[in-house]
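*Asks:* Quick one, structure for this:
(one chain, ligands or ions: 1)
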Amino acid sequence: MTGSNDVTGFDTLAIHAGQAPDPTTGAVVPPIYQVSTYKQDGIGGLRGGYEYSRSANPTRTALEECLAALEGGVRGLAFASGMAAEDTLLRTICRPGSHVIIPNDAYGGTYRLFAKVLAAWGVVYEPVPLGDLDVVRAHVRPETVAIWVETPTNPLLGIADISALAELAHGAGAVLVVDNTFASPYLQQPLALGADVVVHSTTKYLGGHSDVVGGALIAADTDLGDRLAYHQNAMGAVAGPFDAWLTLRGIKTLGVRMDRHCANAAKVVSLLERHPRVSRVLYPGLPRHPGHDIAVKQMRAFGGMVSFRLAGGEEAAVRVCERAALFTLGESLGGVESLIEHPGRMTHASAAGSPLQVPGDLVRLSVGIEDAADLLADLEQALA
Ligand SMILES: *Cc1c(COP(=O)(O)O)cnc(C)c1O
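*Replies:* Got it, this is the predicted structure:
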């Protein structure tokens, strides 16, 4: 059961797409096919198309079909991590001399992949503020093969207009890539807005339980989907069966989790907005956020990530991170448990001195799905 979100509701797809009961046993959940190879009935006589688990594995297929359905794409591919998915995509679409526009506040690992790995192979990357379409247009070159979008961005929660950027990219003969990790397909569907391929770190909201690292690519058309699938097999950074199974298990509750993440984040935002120690709250749900109108247009709700700046500067920000108790001090995001971190010294430390450096007085929250009252009490004591 796969298909577009127009014919079947999102939560139904999350629970059933790619996950028909097992034909031999009736198991209602796809089993963990912990296997590397498959018996052939005569040479090339494959049962169900499986020959070797790097090329395809039934548990991974279930996840890949579910991901394709949730993003409204024609092909989903599951990888060992978000970075493995990005690397496979970029080495499929780039050649030496290719130019890629990336957000000037891109995820640090994405920036590092361009700056430290792909640049050595002749790929030219350019960090640009994606919120300003005229600036983006001015940076497009004949060699531009892709515009890479993140929205909302990490950790500054910037918003980019996906449909306008898709039009711009297509006008230049480039593809539009959207890293949809922060929103998840429940809140935002980039392919329906004109993007060509969606990237995920499934480690975050899709997996949702901080127990598995994974990545995904979802393509809007068969040609790109086939090329990506070829490279997935040729390069080999696939998701293992157990990781695919855990991710699929997490996806079943994505919709209900996201509703709670968003509701709790809204309560956290209103506490922070009123707090005298907080100088600024960064959240696309706030009407004065510069991307608010676009967020309203392209997102179902505003997500569970909240960043804020401390009037007391960097030392105050570090102190809040270390005093928080229910908000666990740690990297990553998107799990059921709330996390707090200091991007300047933790997730984005490697961006120091680069165009992607973040302010020292910044704190990032991944608001979990615990009781809101407990989360608010913890923030109050951490800020006191
Ligand atoms: C975490 C993250 C990645 C990288 O994914 P991994 O699973 O850690 O390899 C990419 N993009 C964004 C926005 C992320 O938050």
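
*Asks:* Stretch 240-253 and the ligand, are they touching?
*Replies:* No. Under the criterion of CB under 6 Å from any ligand atom, stretch 240-253 makes no contact with the ligand; the nearest approach is 10.8 Å. (C-beta placed from N, C-alpha, C; glycine too.)

*Asks:* contacting residues around the nearest residue to Val124 once chain neighbours are set aside?
*Replies:* Leaving aside its sequence neighbours, Val124 sits nearest to His99 (CB to CB, 6 or more residues apart in numbering; 4.6 Å). The neighbours of His99, taking CB atoms under 8 Å, 6 or more residues apart in numbering as the test, are Val123, Val124, Tyr125, Glu126, Arg141, Glu143, Thr144, Val145.

*Asks:* Name the residues of the stretch 201-350 of the chain found near the ligand, please.
*Replies:* Checking the stretch 201-350 of the chain against the ligand by CB under 6 Å from any ligand atom, the hits are Ser201, Thr203, Lys204, Val213, Gly215.

*Asks:* got the CA coordinates for stretch 113-120 in CSV?
*Replies:* C-alpha atoms of stretch 113-120 as CSV (Å, rounded to 0.1, in the frame of the first residue of the first chain):
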residue,chain,number,x,y,z
LEU,A,113,30.9,17.6,3.8
PHE,A,114,31.2,20.4,1.2
ALA,A,115,34.2,22.2,2.8
LYS,A,116,36.4,19.2,3.8
VAL,A,117,35.3,16.4,1.5
LEU,A,118,33.7,17.5,-1.8
ALA,A,119,35.8,20.6,-2.3
ALA,A,120,38.9,18.4,-2.6
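
*Asks:* And the strands in the stretch 1-150 of the chain, which stretches?
*Replies:* Ranges of strands within the stretch 1-150 of the chain are 75-79, 99-103, 124-128, 144-150, based on DSSP state E, counting those that start in this stretch.

*Asks:* Out of those strands, flag the one nearest the ligand.
*Replies:* Nearest to the ligand among the strands of the stretch 1-150 of the chain is strand 144-150 (5.7 Å), distances taken as CB to the nearest ligand atom.

*Asks:* May I have stretch 314-322 as CSV, with CA atoms only?
*Replies:* Provided in CSV are the C-alpha atoms of stretch 314-322 (Å, rounded to 0.1, in the frame of the first residue of the first chain):
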residue,chain,number,x,y,z
GLU,A,314,27.6,33.4,26.4
GLU,A,315,28.3,32.6,30.1
ALA,A,316,24.5,33.0,30.8
ALA,A,317,23.7,30.6,27.9
VAL,A,318,26.2,28.0,29.1
ARG,A,319,24.8,28.3,32.6
VAL,A,320,21.2,27.7,31.5
CYS,A,321,22.3,24.6,29.6
GLU,A,322,24.2,23.2,32.6
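
*Asks:* Now that stretch: buried residues?
*Replies:* Ala316, Ala317, Val318, Arg319, Val320, Cys321 (16 or more other CB atoms under 10 Å).

*Asks:* what's the answer for stretch 247-266, then?
*Replies:* By neighbour count with 16+ other CB under 10 Å, stretch 247-266 contains the buried residues 247-255, 257-258, 260-262, 264-266.

*Asks:* Report the contact partners of the nearest residue to Gly122 once chain neighbours are set aside.
*Replies:* Of all residues not flanking Gly122 in the chain, Pro96 sits nearest, at 3.2 Å (CB to CB, 6+ apart). The contact partners of Pro96, taken as CB under 8 Å, 6+ apart, are Trp121, Gly122, Val123.

*Asks:* Show me the residues of the stretch 201-350 of the chain next to the ligand that map onto strands.
*Replies:* Per DSSP state E, strands hold the following members of these: Ser201, Gly215.

*Asks:* what's the closest of the residues of the stretch 201-350 of the chain next to the ligand to the ligand?
*Replies:* Nearest member of these to the ligand, counting by CB to the nearest ligand atom, is Ser201, at 3.0 Å.

*Asks:* Next one: the closest residue to that closest one other than its chain neighbours, what pLDDT does it get?
*Replies:* In space, and not counting its chain neighbours, Ser201 is closest to Gly82: 2.9 Å by CB to CB, 6+ apart. Note on Gly82: pLDDT of 98.

*Asks:* Then Thr24?
*Replies:* At Thr24, pLDDT is 88.

*Asks:* Neighbours of it, how many?
*Replies:* 7 (other CB atoms under 10 Å).

*Asks:* how near is it to Val35?
*Replies:* Distance from Thr24 to Val35, counting by CB to CB, to the nearest Å: 14 Å.

*Asks:* center of the protein, which residue is that?
*Replies:* The C-alpha lying nearest the average C-alpha coordinate of the chain belongs to Thr181 (CA atoms, centre = their mean; 1.3 Å).

*Asks:* isn't it right next to Gly208, touching?
*Replies:* No. Contact between Thr181 and Gly208 fails when scored by CB atoms under 8 Å: they sit 12.0 Å apart.

*Asks:* anything in contact with each of these two?
*Replies:* Gly334.

*Asks:* circling back to that earlier point, what's near enough to touch the residue nearest to the centre of the chain?
*Replies:* Contacts of Thr181 by CB under 8 Å, 6+ apart are Gly82, Tyr107, Glu150, Asn154, Val199, His200, Ser201, Lys204, Tyr205, Gly334.

*Asks:* The same query, at a cut-off of 6 Å, please.
*Replies:* Counting by CB atoms under 6 Å, 6 or more residues apart in numbering, Thr181 makes contact with His200, Ser201, Lys204.
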